[in-house]
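Engineer: Generate a structure from the sequence data that follows.
(4 chains)
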2 protein chains.
Amino acid sequence: MSYANDVPTTLDPALASALRMSVMRLGRRLRQQRTDDRLTPSQIAALTTLDRHGALTLAGLAAAEHVQPPSMVRISAALEDLGLVTRTPHPTDRRQVLFAVTPAGARLLTEDRKRRDAWLCQRLKGLTPEETEALRIAAPILDRLATER
Amino acid sequence: MSYANDVPTTLDPALASALRMSVMRLGRRLRQQRTDDRLTPSQIAALTTLDRHGALTLAGLAAAEHVQPPSMVRISAALEDLGLVTRTPHPTDRRQVLFAVTPAGARLLTEDRKRRDAWLCQRLKGLTPEETEALRIAAPILDRLATER
DNA sequence: TATTGTTATACTCTATAACTATA
DNA sequence: TATAGTTATAGAGTATAACAATA
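Structural biologist: Numbering: from 1, shown residues only, chains lettered A, B, ... in the order given. The predicted structure is shown next:
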């Protein structure tokens, strides 16, 4: 009987389904908490990547964000106009430009995160200590599911 | 000293921040697993809402999806052209139309879910039984954070 | 007269193709 | 000749405003 061999590939579909729905729902709510009307989602994403990764060329930033270079030209231009990123020439290759987050850009990201953390903090207050503890254990596991491999 | 009074509003900001990042990351990966090239995200979302809620008028569906009625005209027309939803006149008010998911639409959603569940199932296999159990406990708590109130 | 759905039109965001400058 | 970035142009997707049908 080959049933035992099938188990590994279909292990715990109910948990997968429940977890997927919960994560998607909570993610949707968290995205809604972003009230920065000056920036589009693409601009916030590019700024976040630049902040996490450090200075990047236009092509590098485009690749990291999975958009084409011409699209990143507009996104980076908008961020530059708002004073959130700087554009500096590459030290050795004058064709390239390097983008980096300004203090104002970093401050905006910090505020953005704070706002969303505050909403979630408020929600967490409604939980019992046991439930809070369960989430503290689950958070790094969720992270591994998302990032590993 | 008023410190004790401040605690409730800033309870556990580290957990909030960690949890938010984990949920957002995993949500992003789960969204990437959707490989249905025929439908746009808006169309999938509208179809999902219709499937969950049951028959809805155009205005009702637009409100549920937070888009304007003219936008929903196009979205629903595309779904109708693909045979995923039906359009029937309202029984008493001939101005209104009611949209409902067809068997083909329901089948598409089932396939879409299966695909994403399968990806997550594969990931869950890499966890220890203790970690799996932690997620089983956490899932309904995450859900309450997203939906309650 | 108010409401439901639709059409006309404009705007935003992104992509492909063509171009400029540097290597 | 190849590569990094930019500009020109077109295609989705959405919104506001104006319109038609029905209540």
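Engineer: biggest helix in chain A, by residue count?
Structural biologist: helix A:103-124 (DSSP state H).
Engineer: Which positions within that one qualify as buried?
Structural biologist: A:G105, A:L108, A:L109, A:D112, A:R113, A:R116, A:D117, A:W119, A:L120, A:C121, A:R123, A:L124 (16 or more other Cβ atoms under 10 Å in any protein chain shown). For every residue, glycine as well, the C-beta is placed using N, CA and C.
Engineer: and which of those residues is nearest to DNA strand D?
Structural biologist: Checking the buried residues of helix A:103-124 against DNA strand D with Cβ to the nearest atom of the strand, the nearest one is A:G105 at 17.6 Å.
Engineer: gap between the nearest residue to the closest one once chain neighbours are set aside and A:R107?
Structural biologist: Nearest residue to A:G105, sequence neighbours excluded (Cβ to Cβ, 6 or more residues apart in numbering or on different chains): A:L84, at 3.5 Å. According to Cβ to Cβ, to the nearest Å, A:L84 and A:R107 sit 9 Å apart.
Engineer: again, but for A:G83
Structural biologist: Look at A:G83 and A:R107: by Cβ to Cβ, they are 11 Å apart.
Engineer: cool, and A:W119?
Structural biologist: As for A:W119, its distance to A:R107 is 19 Å (criterion: Cβ to Cβ).
Engineer: Would you mind naming what in chain A lies close to DNA strand D?
Structural biologist: Neighbours of DNA strand D within chain A, by Cβ under 7 Å from any atom of the strand: A:57-60, A:69-70, A:73, A:76, A:90, A:93, A:95-97.
Engineer: give me the subset of those touching DNA strand C.
Structural biologist: Within the residues of chain A next to DNA strand D, those near DNA strand C by Cβ under 7 Å from any atom of the strand are A:P69, A:P70, A:D93, A:R95.
Engineer: Just the residues you listed: which are in helices?
Structural biologist: Going by DSSP H, the helices hold A:P69, A:P70 from these.
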